[in-house]
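**Student:** pasting the sequence and the predicted model now:
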Amino acid sequence: MTAALRPMGFIRRQADGLFTIELAPDVLGWLGLNGATKWHPGAVQVNPVIGVRHQVVERMVAELRGDRFHRYIPPTVSIPIGYVMPERTFTTWLFEPASMVAKAADLAAAVERYGLSAMHVARDLHGLLDKMGQRWGFSHQNVYRRPVIQWLLGDPDGALADAHASVAELGDRDDPAAEELRHYVDELRRMISRKRAP
């Protein structure tokens, strides 16, 4: 796959099928090739997932969560490529020994025709919010990123309202994921208060 994707500008990031491409300064197009061998002995069924990673958003999310910033994991938003293709359905490619090159070319063509254009639509902050509204990404990740994007777009009140709504949805939950989100929202609120202070 590396040879098929390289002409578009994709860089292979790690051994398990992760590729990125620069869309704009501090914005990466993201392609993950998830492979499964369970159902097809001797072959690999590949589910390509496309996405966009906005580094400014991810740096802020990592800082507020107290996490170490990673250069390309995770994507800010992502979706299986089949859902941006005309059929709008989950799509996989079956790589068998006799058809590896042809399948790689076919998958790369789909990435070039449909994946890249979808990435470019989502490469700015407004595009990211729009794609989250179209169910790109995972809800448990978007609750961290949406308020940051709103803050970066100059809407601190919207950021706080979104964050507080996510906490309200937790209800009485006291599991680690719920507590982590509450802590994150507290950090976000403190950050916005500091920035607003004269």
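**Tutor:** Yes, it's here. Numbers count the residues shown, from 1 in each chain.

**Student:** helices along the chain, start to end?
**Tutor:** Along the chain, counting by DSSP state H, helices occupy 2-5, 55-65, 100-110, 116-121, 125-133, 139-152, 156-170, 176-196.

**Student:** nearest to Arg88, out of these?
**Tutor:** Closest approach to Arg88 among these is made by helix 116-121 (11.9 Å; Cβ to Cβ). (C-beta placed from N, C-alpha, C; glycine too.)

**Student:** which of the helices of the chain sits closest to Asn47?
**Tutor:** Checking these against Asn47 by Cβ to Cβ gives helix 100-110 as the closest, at 10.5 Å.

**Student:** now find how far off-centre that closest one is within its chain.
**Tutor:** A distance of 23 Å separates the centroid of the chain from that of helix 100-110, by Cα atoms, centre = their mean, to the nearest Å.

**Student:** the helix or strand bottoming out on mean pLDDT in the chain pairs with which strands?
**Tutor:** The least trusted helix or strand in the chain, going by mean pLDDT, DSSP states H and E, turns out to be strand 11-14, with a mean of 88. Each strand that pairs with strand 11-14, with its direction, by DSSP bridges: strand 18-24 (antiparallel).

**Student:** could you tell me which residues within the strand it pairs with count as buried?
**Tutor:** By 16 or more other Cβ atoms under 10 Å, the buried positions in strand 18-24 come out as 18-21, 23.

**Student:** which residues touch it?
**Tutor:** Contacts made with strand 18-24 from outside it, assessed by Cβ atoms under 8 Å, 6 or more residues apart in numbering, are listed as 1-2, 5, 8-13, 28-33, 52-53, 72-73, 116, 119-120, 123-124.

**Student:** between the buried residues of strand 18-24, which is nearest Phe138?
**Tutor:** Proximity of the buried residues of strand 18-24 to Phe138 (Cβ to Cβ) peaks at Leu18, which lies at 17.0 Å.

**Student:** and the pLDDT at the closest one?
**Tutor:** If you check Leu18, the pLDDT there is 93.

**Student:** what's the answer for Glu179, then?
**Tutor:** The model reports Glu179 with a pLDDT of 96.

**Student:** where does the protein have low pLDDT?
**Tutor:** Along the chain, the parts satisfying pLDDT under 70 run over 15-16, 38, 197-198.

**Student:** export the helices of the chain to a markdown table and tack on distance to Trp93 and mean neighbour count?
**Tutor:** Written out in a markdown table, the entries for the helices of the chain read as follows (distance: least, Cβ to Cβ, whole Å; neighbours: other Cβ atoms under 10 Å):
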| stretch | distance to Trp93 | mean neighbour count |
| --- | --- | --- |
| helix 2-5 | 11 | 15 |
| helix 55-65 | 29 | 18 |
| helix 100-110 | 5 | 16 |
| helix 116-121 | 17 | 18 |
| helix 125-133 | 23 | 18 |
| helix 139-152 | 26 | 20 |
| helix 156-170 | 36 | 16 |
| helix 176-196 | 33 | 14 |
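
**Student:** just put the ones you listed in JSON lines and tack on distance to Glu87.
**Tutor:** Rendered in JSON lines, the data for the helices of the chain read as follows (distance: least, Cβ to Cβ, whole Å):
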{"stretch": "helix 2-5", "distance to Glu87": "21"}
{"stretch": "helix 55-65", "distance to Glu87": "30"}
{"stretch": "helix 100-110", "distance to Glu87": "11"}
{"stretch": "helix 116-121", "distance to Glu87": "14"}
{"stretch": "helix 125-133", "distance to Glu87": "19"}
{"stretch": "helix 139-152", "distance to Glu87": "24"}
{"stretch": "helix 156-170", "distance to Glu87": "33"}
{"stretch": "helix 176-196", "distance to Glu87": "34"}
